[in-house]
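Novice: Sequence and computational prediction follow.
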Amino acid sequence: MGRLKNLKPEHMTERQKELYDRIAAKRGAVRGPFNAWLYSPELCDRVEALGKFVRYDASFPMIVREIVVLVIARHFKAQYMWQAHSRIAVKEGVAQAVVDAIGTNRLPPLADTGEKAGYRYARELLETHQVSDETFEAARKAFGETGVVELTAFVGNFTMVAMALNAFQVDLPDNAGPLLT
């Protein structure tokens, strides 16, 4: 069981219920870190809006977004994020060999220039808190300046998600056990 009890709609404030309904309508349910964030409705509103943009509307390709989410999940050992996004990544076209390599901290077999650029950018930013000129230029070439700005925000957003999942010990989907070691 997670560290915060799941809020029940019948016990929510009007603002919490409004956010709960909006999140459930967009995402099918209120899962992951959203229950925790609902404890602070204003935070939840703003975090959900940013998350929605970077997850669904960013200008760089969805396949790159999923590779980057996996890098973040692996980095933070965010079990919930890994379990959810390793399935989504495959549905979005990420090869199972890439998922497996990232999950075991091995260099993934990426042939696409944009996928490589996104992977390297996320790894460097997470591991060194910087991005080399070479990596920045590869990302700018692959995604343009707007895309690099959005990629950086994407890494920041999903880092916050990973930290929330870990800090609140959010229950894993379907009572599954951890996959990352």
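Specialist: That came in fine, so what should we check first? Numbering: from 1, shown residues only.
Novice: For the longest helix along the chain, enumerate the helices and strands it packs against.
Specialist: Across the chain, the longest stretch assigned as helix under DSSP state H is helix 133-167. Applying 3 or more CB pairs under 8 Å, 6 or more residues apart in numbering; DSSP states H and E, we find helix 133-167 packed against helix 41-52, helix 62-76, helix 79-91, helix 113-128. Every residue, glycine included, has its C-beta placed from N, CA and C.
Novice: model confidence over that helix, on average?
Specialist: Here helix 133-167 scores 98 as its mean pLDDT.
Novice: Quick one: distance of it to the chain centre.
Specialist: 11 Å (CA atoms, centre = their mean, to the nearest Å).
Novice: Now do it and helix 113-128, the angle between them.
Specialist: Calculated by axes from the mean of the first three to the mean of the last three CA atoms, to 10 degrees, helix 133-167 forms an angle of 60 degrees with helix 113-128.
Novice: Give me the buried positions along helix 133-167.
Specialist: Neighbour counts using 16 or more other CB atoms under 10 Å place 135-136, 138-140, 142-143, 147-148, 150-152, 154-155, 157-162, 164-166 of helix 133-167 among the buried residues.
Novice: One more: stretch 48-64?
Specialist: Neighbour counts over stretch 48-64 (16+ other CB under 10 Å) mark Glu48, Gly51, Val54, Arg55, Ala58, Phe60, Pro61, Met62, Ile63, Val64 as buried.
Novice: go on, stretch 94-101?
Specialist: Under the neighbour-count criterion of 16+ other CB under 10 Å, stretch 94-101 has Val94, Ala95, Val98, Val99, Ala101 buried.
Novice: now the third one: how far from Ile23?
Specialist: The reference is to Val98. 29 Å (CB to CB, to the nearest Å).
Novice: Ok, the fourth one next?
Specialist: Separation of Val99 from Ile23 (CB to CB) stands at 26 Å.
Novice: Now do the SS call for Val170.
Specialist: Secondary structure assignment for Val170 (DSSP: H, G, I helix; E, B strand; the rest coil): coil.
Novice: Next up, the contacts around it.
Specialist: Contacts for Val170 were tallied using CB atoms under 8 Å, 6 or more residues apart in numbering; they are Gly2, Gly32, Pro33, Asn35, Ala36, Tyr80, Ala164.
Novice: ok, 10 Å please
Specialist: Neighbouring residues of Val170 by CB atoms under 10 Å, 6 or more residues apart in numbering: 1-4, 6, 31-36, 78-81, 161, 164.
Novice: Pull out the buried members of the residues you listed.
Specialist: Going by neighbour count (16+ other CB under 10 Å), these have Gly32, Pro33, Phe34, Asn35, Ala36, Ala78, Gln79, Tyr80, Met81, Val161, Ala164 buried.
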